[in-house]
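>>> Sequence unavailable; structure follows:
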């Protein structure tokens, strides 16, 4: 009886029963191969191989000489002002620093935004394929996720027409859009983004725009949703363009009525974002030239894959517009992308993420490759995949 009671006391909550983020499982499997002496080319995790800007590292080192204390919950004022300046310089937008909230990576920005915008039971739409933790966070918070499939006809972007169709079936409270997108690397044109926001707001649907890959655009310039609405919540991060994944610092631009609610939530959840990360983030803006050089490296990696993978056997993939992902169709080889990724890792030594992590409908036909590594590794990956597929 005591054992039964103990089991009840330590049982996990229903809301914690979300799927694992499969990319981390692939990363762990690759690490086990490396522990046995094998060599793996890592194309599974969506993070840059390059370090943070030298300006950010220097600023953090200098700050270590003094007291590292809590900051204001919304973030260090000078960092918030510098982010507001970024919008003036990059997008010609005058966004008050008071609307900027510094967060512990974009992950915390999404949690804070979802909690401030939605009640348990609210229905929130997002495009598929899409970043799986977005679905899982919403589910854990008690929201109902509405997955809207995208197709080649719309360049794998969510459209206002598809959003309204879902809204008419059962009303939606919100929609999450991402451009450049993970896992596809596709982007929405400014016109498509503006139309989606217009349609959503006319229907009373709140908009959250995931812009964490801004700066990493190749096909055309990425536009912020803030250009088209003061009511949209904008999420961005220093993780991708500024190569600061482990520093865990991001930001959001909140509509004025949501700033204080988000402030209260941040006070209770985290008090403040790690101070050293905030200091480094402010200095990262001064490393723009350094980051542009790294971006040019991604462009070369993109060229290597776009030109090399068709010869290797993977000749069908989505438009490679931005971020550092290529989403390849593997259906001519398998209808089980999980097994395909497992065998490619074990037999070819190339780690990539199965599409089932991003798309429960068609993901069994796709593999995501991250090309944020070195060019030599990209060339070797193409060669390994080609040899493996042609055996």
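Noted; the coordinates are in hand. Since the structure is predicted, the reported quantities are computational estimates derived from the model, not experimental observations.

>>> Domain ranges for the protein, per the record?
Split into domains by automatic domain parsing, the chain comes to 2-51+289-389, 67-286.

>>> Point to the helix or strand of this structure where mean pLDDT is at its lowest.
Ranking every helix and strand in the chain by mean pLDDT, DSSP states H and E puts helix 2-9 at the bottom, with a mean of 66.

>>> just to revisit the earlier point, least confident of the domains of the chain, on average?
If the domains of the chain are sorted by mean pLDDT, domain 2-51+289-389 sits at the bottom with a mean of 93.

>>> Tell me how far that one lies from the chain's centre.
14 Å (C-alpha atoms, centre = their mean, to the nearest Å).

>>> do the same with stretch 172-179
Worked out by C-alpha atoms, centre = their mean, stretch 172-179 lies 14 Å from the chain centre.

>>> any residues touching that stretch, and which ones?
Surrounding stretch 172-179, the residues in contact under the criterion C-beta atoms under 8 Å, 6 or more residues apart in numbering are 117-119, 122-127, 130-131, 134, 146, 157-158, 163, 166, 186-188, 193, 196, 200, 203, 205-211, 213, 222, 225, 322. Every C-beta, even on glycine, is put in place using the N, C-alpha and C of the backbone.

>>> Mind checking which of those residues are buried?
Burial by neighbour count, 16 or more other C-beta atoms under 10 Å: within those this picks out 117-118, 122-127, 130-131, 134, 146, 157-158, 163, 166, 186-188, 193, 196, 200, 205-211, 213, 222, 225, 322.

>>> what about the strands in the stretch 201-350 of the chain?
206-210, 233-237, 250-253, 325-329, 350-351 (DSSP state E, counting those that start in this stretch).

>>> In the sheet, which strands lie alongside the third one, parallel or antiparallel?
Read that as strand 250-253. strand 100-103 (antiparallel), strand 233-237 (antiparallel) (DSSP bridges).

>>> okay if I get the ones you listed as JSON lines plus mean neighbour count and distance to residue 176?
Output for those, formatted as JSON lines (neighbours: other C-beta atoms under 10 Å; distance: least, C-beta to C-beta, whole Å):
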{"stretch": "strand 100-103", "mean neighbour count": "27", "distance to residue 176": "16"}
{"stretch": "strand 233-237", "mean neighbour count": "26", "distance to residue 176": "9"}
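
>>> Can you add distance to residue 4 and give those strands back as CSV?
Converted to CSV, the strands paired with strand 250-253 look like this (distance: least, C-beta to C-beta, whole Å):
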stretch, distance to residue 4
strand 100-103, 42
strand 233-237, 44
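
>>> Wasn't residue 33 part of a helix?
Yes - counting by DSSP: H, G, I helix; E, B strand; the rest coil, residue 33 is part of a helix.

>>> Distance of the closest residue to it other than its chain neighbours relative to residue 133?
Spatial nearest neighbour of residue 33, chain neighbours left out: residue 40 (5.6 Å); criterion: C-beta to C-beta, 6 or more residues apart in numbering. Using C-beta to C-beta, to the nearest Å, we find residue 40 at a distance of 24 Å from residue 133.

>>> max-length helix in the protein?
Counting residues, the longest helix found in the chain (DSSP state H) is helix 288-312.

>>> so residue 158, which of the three states?
coil.

>>> Any buried residues in the helix or strand that contains residue 383, and which?
According to DSSP states H and E, residue 383 maps onto helix 375-389. The neighbour-count check on helix 375-389 (16+ other C-beta under 10 Å) flags 377-378, 380-382, 384-386, 388 as buried.

>>> Please verify my assumption that residue 103 contacts residue 109.
Yes - Residue 103 is within contact range of residue 109, at 4.1 Å (criterion: C-beta atoms under 8 Å).

>>> Are there residues contacting both of these two? Which ones?
With C-beta under 8 Å, 6+ apart, residue 103 and residue 109 have common neighbours 250-252.

>>> Please identify which of the residues you listed is nearest to residue 332.
Nearest to residue 332 among the shared contacts of residue 103 and residue 109: residue 250, at 38.6 Å, using C-beta to C-beta.

>>> In contact with the closest residue to the closest one other than its chain neighbours, which residues?
The shortest distance from residue 250 to any non-neighbouring residue, by C-beta to C-beta, 6+ apart, is to residue 237 (3.6 Å). By C-beta under 8 Å, 6+ apart, the contact list for residue 237 reads 105-106, 109, 212, 249-251.

>>> Can you lay out those residues as CSV showing distance to residue 71 and neighbour count?
Shown next, in CSV, are the contacts of residue 237 (distance: C-beta to C-beta, whole Å; neighbours: other C-beta atoms under 10 Å):
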residue, distance to residue 71, neighbour count
105, 16, 21
106, 19, 25
109, 16, 27
212, 22, 25
249, 11, 30
250, 15, 26
251, 13, 26
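
>>> Quick check: the farthest pair among those residues?
So, the contacts of residue 237 by C-beta to C-beta: farthest apart are 212 and 249, at 11.7 Å.

>>> anything in contact with each of those two?
Common neighbours of residue 212 and residue 249 (C-beta under 8 Å, 6+ apart) are 237, 239.

>>> related to what we said a few turns ago, closest to residue 302 out of the buried residues of helix 375-389?
residue 378 (8.8 Å).

>>> unless I'm mixing things up, the closest one is touching residue 303, no?
No - with contact defined as C-beta under 8 Å, residue 378 does not reach residue 303; the gap is 9.2 Å.

>>> where along the protein do the helices fall?
2-9, 22-35, 54-63, 77-91, 105-117, 132-140, 160-169, 190-202, 256-269, 275-284, 288-312, 337-343, 375-389.
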